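K.L.:
sequence and computational prediction follow.
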Amino acid sequence: MPELPEVETTLRGLEPHLDGQVVADVIIRNAKLRWPIPDMLPALLQGQTIRNLQRRAKYLLIAFDHGILILHLGMSGSLRILTSPTIADKHEHFDLQLANGKVMRLRDPRRFGAVLWHSGEIKSHTLFAKLGPEPLLDEFTTEYLYKATRKRRIPIKQFIMDSHVVVGVGNIYANEALFRSGIKPQLAAGKLSRARCDNLLNEIRATLHEAILQGGSSLRDYVDSDGKQGYFQQHYWVYARANEACKRCGNPIKQIKQSQRSSFYCSVCQH
DNA sequence: ACATCTACCTGGAGGC
DNA sequence: TGCCTCCAGGTAGATG
């Protein structure tokens, strides 16, 4: 599933194909994603020039002179560039056709993703107004994390997955970063010392950075890929390893549910 | 203000 | 082979 590193990798793969290009047309085959794809999108984008691509949280932002195309990959979304006409399969819901003949195509079997339009500053969009800091930027500091955790009783795993606290930390990397910092997922956020907040912040960053590096090397080509290569698999310390031996101490990895989501941890290495 | 729950969706795995 | 059930999960919005 696309977490922040996959979105970042997708952005870097798409950018050289899209930046500065002119939109010829927009094709909406199925508007029923998380929210309906705006039906005025073709009229809004025909003839418009792509000014830049950015990522905020797990959203991809494609900027035009008069507004921003917002894309989210949800659980199962992927984007690729086609250089020749290709029949869309049943899960390929949206195309951005360029004047140079290339096409950016969105595939999203589970349709948790989104394609939206916003005219104006991205910060003024309701989805973006209350987002927390980017985990890979300097705005995400130990001091911020420490203060934010004070008096919070929510388990730390759920806390770091809250996009109002910090964006882009999904289930996989929350589990991994907590293992790497030696913090068990059930621990109340407010119980973390300043030193442990510092450690956690650094491990969130390192985990995401490493995944981006790995993604960059494993997903090098966005052009005419078969779309089946999927997202890069990594070696995980704990994620999806229930009952397997901890790679650090050998103890079996535990699996629990926290607010309907699976958490994995080592009860020896994490406390 | 905070914590928890619900809803959305479909492919894939496992059981029979 | 086919049918059924369960699970995965991002995140806004509702509810307690």
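P.N.:
The structure has been received and is ready for your questions.

K.L.:
the stretch 101-250 of chain A: helices as residue ranges?
P.N.:
A:126-129, A:142-149, A:156-160, A:171-181, A:194-218 (DSSP state H, counting those that start in this stretch).

K.L.:
so for the residue in chain A that DNA strand C sits nearest to, what's the pLDDT?
P.N.:
Closest to DNA strand C within chain A is residue A:170: 3.0 Å, counting by CB to the nearest atom of the strand. Yep, even glycine has a C-beta here, placed from its N, CA and C like the rest. At residue A:170, the pLDDT value in this model is 91.

K.L.:
next, give phi and psi for it.
P.N.:
Torsion angles at residue A:170 (phi, psi; degrees, to the nearest 10) stand at phi -90, psi -170.

K.L.:
just put the helices of the stretch 101-250 of chain A in JSON lines and tack on mean neighbour count and distance to DNA strand B.
P.N.:
Compiled in JSON lines, the helices of the stretch 101-250 of chain A are given as follows (neighbours: other CB atoms under 10 Å; distance: least, CB to the nearest atom of the strand, whole Å):
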{"stretch": "helix A:126-129", "mean neighbour count": "13", "distance to DNA strand B": "14"}
{"stretch": "helix A:142-149", "mean neighbour count": "17", "distance to DNA strand B": "9"}
{"stretch": "helix A:156-160", "mean neighbour count": "24", "distance to DNA strand B": "6"}
{"stretch": "helix A:171-181", "mean neighbour count": "24", "distance to DNA strand B": "12"}
{"stretch": "helix A:194-218", "mean neighbour count": "18", "distance to DNA strand B": "16"}
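
K.L.:
report pLDDT for residue A:217.
P.N.:
With respect to pLDDT, residue A:217 scores 54.

K.L.:
if we can go back for a sec, just send the helices of the stretch 101-250 of chain A back as TSV, with distance to residue A:36 too.
P.N.:
Shown next, in TSV, are the helices of the stretch 101-250 of chain A (distance: least, CB to CB, whole Å):
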stretch	distance to residue A:36
helix A:126-129	15
helix A:142-149	34
helix A:156-160	30
helix A:171-181	27
helix A:194-218	30
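
K.L.:
for the ones you listed, which one sits closest to residue A:104?
P.N.:
helix A:194-218 (18.4 Å; CB to CB).

K.L.:
what number of residues lie near the residue lying closest to residue A:95 once chain neighbours are set aside?
P.N.:
Of all residues not flanking residue A:95 in the chain, residue A:27 sits nearest, at 4.0 Å (CB to CB, 6 or more residues apart in numbering). Using other CB atoms under 10 Å, the number of residues around residue A:27 comes to 15.

K.L.:
may I see the buried residues of the host helix or strand of residue A:27?
P.N.:
Element membership for residue A:27 (DSSP states H and E) is strand A:23-28. Using 16 or more other CB atoms under 10 Å as the test for burial, strand A:23-28 gives A:23-24, A:26, A:28.

K.L.:
can you list these in JSON lines and add pLDDT?
P.N.:
Shown next, in JSON lines, are the buried residues of strand A:23-28 (pLDDT from 0 to 100):
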{"residue": "A:23", "pLDDT": "98"}
{"residue": "A:24", "pLDDT": "98"}
{"residue": "A:26", "pLDDT": "97"}
{"residue": "A:28", "pLDDT": "95"}
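
K.L.:
which one of those residues sits closest to DNA strand B?
P.N.:
Nearest to DNA strand B among the buried residues of strand A:23-28: residue A:28, at 15.5 Å, using CB to the nearest atom of the strand.

K.L.:
related to what we said a few turns ago, redo the buried residues of strand A:23-28 as CSV? Include distance to DNA strand B.
P.N.:
Shown next, in CSV, are these (distance: CB to the nearest atom of the strand, whole Å):
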residue, distance to DNA strand B
A:23, 27
A:24, 28
A:26, 21
A:28, 16
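
K.L.:
so which of those comes closest to residue A:64?
P.N.:
The closest of the buried residues of strand A:23-28, once distances to residue A:64 are taken by CB to CB, is residue A:23, at 8.1 Å.

K.L.:
who's the closest one bridged to?
P.N.:
Counting by DSSP bridges, residue A:23 forms beta bridges with residue A:98.

K.L.:
need the next SSE after the strand holding residue A:27, C-terminal direction.
P.N.:
Next along the chain from strand A:23-28, counting by DSSP H and E, comes helix A:41-45.
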